[in-house]
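Visitor: need the 3D shape of this:
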Amino acid sequence: MRVVVLADTHSPRRWKSCPPRVAAHLRDTDVILHAGDVCTADVLDELAQFAPVHVVLGNNDGPDVAAWGAPETLDLDLAGLRVAMIHDSGQATGRTARMRRRFPDADLVVFGHSHIPMDQTGDGVRVFNPGSPTDRRRQPHGTIGILTIEDGELLDARIIPVTD
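Guide: Purely as a prediction, here's the structure:
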């Protein structure tokens, strides 16, 4: 299973429509995860044209994103891998231990909020933030995440730059 992971698209200020370099990765994905701060539900409708979308509420998301079906947290089974999602995982110090306590059954926790891409393992859980494809802040590039999952195993997790 190929999964594209997005977060912090911040429409319409940052995301007017799906950037071509993001769309190129979406064309051959099985599932899209969005870790919040979509800001407008039309982004989710656009993403759903590529593949099924799972999304959690971010601190900038309005009632239309909640009405689209975004809860505050989400637990998924993706090809046998237990994945949890939350927008804000809190401060960096103690993050893996905190996410293990919050999601005791998760193999992987996907989050956003900081706009800082990261892939870290600790305390028996892997945490993954794809960064933002549209609002890179102090990062060198806008980024997305790509996961490859098979038979309950995360075979590959990559952060992909989508801006120059």
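Visitor: which residues in this protein form helices?
Guide: Secondary structure of the chain by DSSP state H: the helices cover 20-26, 42-48, 63-68, 95-102.
Visitor: got the buried residues for the shortest one?
Guide: For helix 63-68, burial by neighbour count (16 or more other CB atoms under 10 Å) applies to V65, W68. Every residue, glycine included, has its C-beta placed from N, CA and C.
Visitor: just the residues contacting that helix, thanks.
Guide: Contacts to helix 63-68, defined as CB atoms under 8 Å, 6 or more residues apart in numbering, come from residues V38, C39, T40, A41, L44, D45, V55, L57, G58.
Visitor: what's the answer for the last one, then?
Guide: By CB under 8 Å, 6+ apart, the residues outside helix 95-102 that reach it are 73, 84, 86, 89-90, 106, 109, 111, 120-125, 127.
Visitor: repeat that for the second one.
Guide: Outside of helix 42-48, the residues that reach it under the criterion CB under 8 Å, 6+ apart are 6, 9, 11, 15, 17-18, 26, 32, 34, 38, 53, 55, 65, 68, 70.
Visitor: now the contacts of helix 95-102: which count as buried?
Guide: By neighbour count, with 16+ other CB under 10 Å, those hold A84, I86, S89, A106, V109, F111, V125, V127 as buried.
Visitor: can you add pLDDT and give those residues back as CSV?
Guide: Below are these laid out as CSV (pLDDT from 0 to 100):
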residue, pLDDT
A84, 98
I86, 98
S89, 97
A106, 98
V109, 98
F111, 98
V125, 97
V127, 98
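Visitor: circling back to that earlier point, of the contacts of helix 63-68, keep whichever come out buried.
Guide: When the contacts of helix 63-68 are checked against 16+ other CB under 10 Å, the ones flagged as buried are V38, C39, T40, A41, L44, V55, L57, G58.
Visitor: so which of the buried ones among the contacts of helix 95-102 belong to strands?
Guide: Of these, the ones assigned to strands by DSSP state E are A84, I86, V109, V125, V127.
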